[in-house]
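**Q** Can you look at this prediction? I've put the sequence above it.
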Amino acid sequence: MDARDAARLLKGVRAAALGGGRPPAAPRPEIAESWRRMLAGGVHPDRDARSRVLSAAETEERRQTSPLREVLPLLREGLLPELDDALHIMVVADADGRLLWREGHTSILRKADRLGFAVGADWDEAVVGTNGVGTALVARRPVQVFSAEHFVSSHHDWTCAGAPVRDPRDGRLLGVVDVSGPLATMHPATLAWVSSVARLAERELRVRHLESLERLRSMAAPLLARIPGRAVAVDANGWTAAVTGLAPADRIPLPKSFGPGRVWVPQLGDCVAEPLPGGWLLSVTGERRDAAAARIVLDLSRAGSCSATVHGAAGSWSQELSPRHAELLFLLAESPRGRSAAELSAELFGDPTRTVTVRAELSRVRRRLAGVLTHRPYRFAGDVEVELIRPADPAALLPHSTAPAVIRARLGRTGPGVIP
């Protein structure tokens, strides 16, 4: 379909969605989900709202601390050579939706300025509506937004394709790389192109991480050779570089903050921590014991950024949760007596037979949150206090979840049953 014909069709689809009429075609699922969020959040469809632009100093501070700075040359190499001919620009935003870098065709940069698509601007979905930066951050997957798929009408002459970039060490969302331009420059392959470059950036971050672990291993190996007991060298995120006297583990959950000296590590027990360049040497001094967790805070208040924080006698540590793990922990938090694998399968998928998937996912959760969960049935341990932080708006609870139990919770309903 010609770009202008497609734009006219989409304007009819959007008008029907806003007016409650019958659309000439169904909006794409990711666009329909975003529009529902915009309507629930009170974003005005015809008002170009903007938040305060960061100062040059604030922007530079964010640039210096952003891990995306390390892969900026790769992003430029993968995208910039084609942008002049394509009449597009490249934008790199952080996990808050703030635009940190912007490069490309000069005339398109001027057009972007008029839209407020400038360095330091806030393109969070809740501020400017459906767009390739903010919507990709919420959806946590690549998103292309064309013409009237933008919720706010002032953006209808624009097209954008954004792909999130994650930290390969812990899955944390680092930001979005986006390619945008005028309506007539849209190409259906743009999203695949941007997504491929984003994956290359993640691969580069992974290579850099492995190189840093190798440097730490070289530093720690002579020290470990002289230690008669059990010890492990880990980086600041708990990734294992070298061990002695212990079964190797890819990663060891570390307390949220600690310094040199005695420290209690959930997976190891009592240790003495000594700083190394790029990490820590943990010498085990006491007997290994399970995590004596006293309290867990399950924070589901922010879409796309769910976490579990475990508090115990020796301190606290946090884990970012995948969407599936957030769903499972929510269901268990709502069921103090516990759930069988079949019951959880029904609550997650509307199908009680998918128990293999449930057991596999819960096995991963239990490894990450040692001592917090028990099984037969699956539930939080009896001596663990559970605090569940929900979003202020019930409709914003795990917005991308299609689990029947989560849908009921959004609607304020309880009890079993599947909502179509």
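**A** Yes, it's here. Keep in mind that this is a model prediction, so the values were computed, not measured. Numbers count the residues shown, from 1 in each chain.
**Q** switch to C-alpha atoms for all contacts and neighbour counts from now on
**A** OK.
**Q** Low-confidence ranges, the stretch 151-300 of the chain, go.
**A** The stretch 151-300 of the chain contains residues with pLDDT under 70 at 286-293.
**Q** Dump stretch 336-343 to CSV, keeping only the CA atoms.
**A** Below are the C-alpha coordinates for stretch 336-343, written out as CSV (Å, rounded to 0.1, in the frame of the first residue of the first chain):
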residue,chain,number,x,y,z
PRO,A,336,-0.6,-17.5,50.7
ARG,A,337,-1.6,-21.2,50.9
GLY,A,338,0.2,-21.9,47.7
ARG,A,339,-0.7,-23.3,44.3
SER,A,340,0.0,-26.5,42.5
ALA,A,341,1.7,-26.5,39.1
ALA,A,342,-1.6,-27.3,37.4
GLU,A,343,-3.4,-24.4,39.2
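**Q** what sits up against that stretch?
**A** Stretch 336-343 is contacted from outside by 332, 352-355, 358-359, 376-380, using CA atoms under 8 Å, 6 or more residues apart in numbering.
**Q** what's the farthest-apart pair in those residues?
**A** 353 and 380 (22.8 Å; CA to CA).
**Q** neighbour count winner among those two?
**A** residue 380 (22 against 15; other CA atoms under 10 Å).
**Q** Not counting sequence-adjacent ones, nearest residue to that one?
**A** residue 373 (4.5 Å; CA to CA, 6 or more residues apart in numbering).
**Q** ok, that neighbour touching residue 385?
**A** No - the pair residue 373 / residue 385 is not scored as a contact, 11.6 Å apart, by CA atoms under 8 Å.
**Q** In terms of neighbours, single out the busier of those two.
**A** residue 373 (20 against 16).
**Q** ok now do that one, which residues does it touch?
**A** Residue 373 makes contact with 366, 379-381 under the criterion CA under 8 Å, 6+ apart.
**Q** And residue 112, by the same measure?
**A** Neighbour list for residue 112: residue 118 [criterion: CA under 8 Å, 6+ apart].
**Q** related to what we said a few turns ago, strands - which of the contacts of residue 373 land there?
**A** The strands, defined by DSSP state E, take in 379-380 from the contacts of residue 373.
**Q** from the contacts of residue 373, which is closest to residue 196?
**A** residue 366 (32.9 Å).
**Q** Spatially nearest residue to the closest one (excluding sequence neighbours)?
**A** Nearest non-adjacent residue to residue 366 (CA to CA, 6+ apart): residue 373, at 6.0 Å.
**Q** Distance check, the one you found against residue 386.
**A** Using CA to CA, to the nearest Å, residue 373 is found at 11 Å from residue 386.
**Q** now residue 68
**A** 35 Å.
**Q** Compare these two and say which is more crowded by neighbours.
**A** A direct count of neighbours by other CA under 10 Å for residue 68 and residue 386 places residue 68 higher, at 25 against 20.
**Q** Show me what secondary structure element comes after whatever helix or strand residue 16 lives in.
**A** Following DSSP states H and E, the helix or strand that holds residue 16 is helix 3-19. Next along the chain after helix 3-19, taking DSSP H and E as the criterion, comes helix 29-41.
**Q** residues in contact with that next one?
**A** So helix 29-41 is contacted by 125-126, 129-130, 135, 139, 143, 145, 149, 151, 395-396, 400 (CA under 8 Å, 6+ apart).
**Q** Next, the buried residues of it.
**A** 30-35, 37-38 (16 or more other CA atoms under 10 Å).
**Q** next one: stretch 260-271
**A** Neighbour-count burial for stretch 260-271 [16+ other CA under 10 Å]: 262-271.
**Q** before we move on, the earlier item: need the overlap of contacts for residue 373 and residue 386.
**A** Counting by CA under 8 Å, 6+ apart, the contacts common to residue 373 and residue 386 are residue 380.
**Q** what's near enough to touch the most centrally placed residue in the chain?
**A** Nearest to the mean C-alpha position of the chain, counting by CA atoms, centre = their mean, stands residue 173 at 4.1 Å. Listed by CA under 8 Å, 6+ apart, the contact set of residue 173 reads 95, 137, 140, 164-167.
**Q** Report the two of these separated the most.
**A** 137 and 167 (13.7 Å).
**Q** Looking at the two, which is more packed in?
**A** Looking at residue 137 and residue 167 with other CA under 10 Å, you find the greater number of neighbours at residue 137, namely 30 against 18.
**Q** for that one, phi and psi?
**A** Main-chain torsions, residue 137, degrees, to the nearest 10: phi -70, psi -40.
**Q** which non-adjacent residue is nearest it?
**A** Residue 137 sits nearest to residue 164 (CA to CA, 6+ apart), 6.4 Å away.
**Q** What about that neighbour, how many residues nearby?
**A** Neighbours of residue 164 (other CA under 10 Å): 31.
**Q** What helices and strands are in contact with the helix or strand harbouring it?
**A** Using DSSP H and E, residue 164 falls within strand 158-166. Contact here means 3 or more CA pairs under 8 Å, 6 or more residues apart in numbering; DSSP states H and E; on that basis strand 158-166 packs against helix 134-139, strand 143-146, strand 173-182, helix 190-225.
**Q** show me what contacts residue 11?
**A** Residue 11 neighbours (CA under 8 Å, 6+ apart): 148-149.
**Q** what about 6 Å?
**A** Contact partners of residue 11, counting by CA atoms under 6 Å, 6 or more residues apart in numbering, are residue 148.
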